[in-house]
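Novice: What follows is a protein structure lacking sequence information:
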């Protein structure tokens, strides 16, 4: 059973990339904590309305903001308008990300640019925009969703690994710069987590991955969500600038 953190109730938390995968699990988990979930979307569709209804079914508030994380101008406008109407955002999960795996000799610059912009630049810019509002809030916590490959690297994931490693470095810088204002920032590095993507992998490939995981299983999105909820809550009030692996012991 997941722990309940009373201080997360009604806390306004922005989760980027929340319409699917780990991001969706994070949003729903925080909804169970009765947080006010804010998420962005790039186009209208059933996924947006489905997430809103799911969040509300847990007795939590939901606010969907229309912006692409790579469009700094629209992102700034949407967040500024939200804060103007609802007050400062108090928690941030920079989760939006993409991966375009390719060998080094086949790396295309346009793919590299998109990976870095989505996985790293967008997190930096969203944090930059919200920082001025964080100063007016209390007990602010930022969680940057990195990856275990940002620490250990991986074949055919050079650009992705670089973007996630950059996010770890940025996490430490934010933590040092804003700690005096009681604003915390930590990074979470998931290993192989059971999602639609991993479930669709060939059985042979799954077994090859499992052979490198001491716990001999993939993690669950709920286990990642539990860690993120802890880091957003006051139960982790003296933790900042840390990088948390959640990988079943794959990288020890």
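Specialist: Arrived safely, thanks for sending. What you see is a predicted model, and the numbers here were worked out from it, not measured in a lab.
Novice: Residue 147 and residue 250, how far apart?
Specialist: 11 Å (Cβ to Cβ, to the nearest Å). C-beta here means a position set from N, CA and C on the backbone, and glycine is covered the same way.
Novice: Looking at these two now, which is surrounded by more residues?
Specialist: residue 147 (27 against 18; other Cβ atoms under 10 Å).
Novice: dump the residue contacts of the more buried one.
Specialist: By Cβ atoms under 8 Å, 6 or more residues apart in numbering, the residues touching residue 147 are 160, 161, 164, 189, 190.
Novice: Apply 6 Å and report the result again.
Specialist: 164, 189 (Cβ atoms under 6 Å, 6 or more residues apart in numbering).
Novice: ditto for residue 243
Specialist: Residue 243 makes contact with 168, 187, according to Cβ under 6 Å, 6+ apart.
Novice: 8 Å instead?
Specialist: Taking Cβ under 8 Å, 6+ apart, one finds 146, 151, 168, 171, 186, 187, 188, 189 in contact with residue 243.
Novice: Out of those, who's the most crowded?
Specialist: residue 146 (31 neighbours).
Novice: Tell me the spacing between that residue and residue 200.
Specialist: In terms of Cβ to Cβ, residue 146 sits 23 Å off from residue 200.
Novice: and residue 72, how many neighbours?
Specialist: Residue 72 is flanked by 16 other residues according to other Cβ under 10 Å.
Novice: didn't it look like it was pressed against residue 125?
Specialist: Yes - if you go by Cβ atoms under 8 Å, residue 72 and residue 125 touch, sitting 5.1 Å apart.
Novice: what about the nearest residue to residue 242 once chain neighbours are set aside, is that helix, strand or coil?
Specialist: Of all residues not flanking residue 242 in the chain, residue 186 sits nearest, at 4.9 Å (Cβ to Cβ, 6 or more residues apart in numbering). Look at residue 186: counting by DSSP: H, G, I helix; E, B strand; the rest coil, its state is strand.
Novice: per-residue pLDDT, residue 186?
Specialist: On pLDDT, residue 186 comes in at 99.
Novice: Same question for residue 241.
Specialist: So, for residue 241, pLDDT stands at 98.
Novice: I figured it hits residue 168, correct?
Specialist: No - contact criterion Cβ under 8 Å: residue 241 and residue 168 do not qualify, at 10.0 Å.
Novice: do you know how far residue 26 is from residue 154?
Specialist: Distance of residue 26 to residue 154, given as Cβ to Cβ: 23 Å.
Novice: Check residue 166 too.
Specialist: To residue 154, residue 166 is 15 Å away according to Cβ to Cβ.
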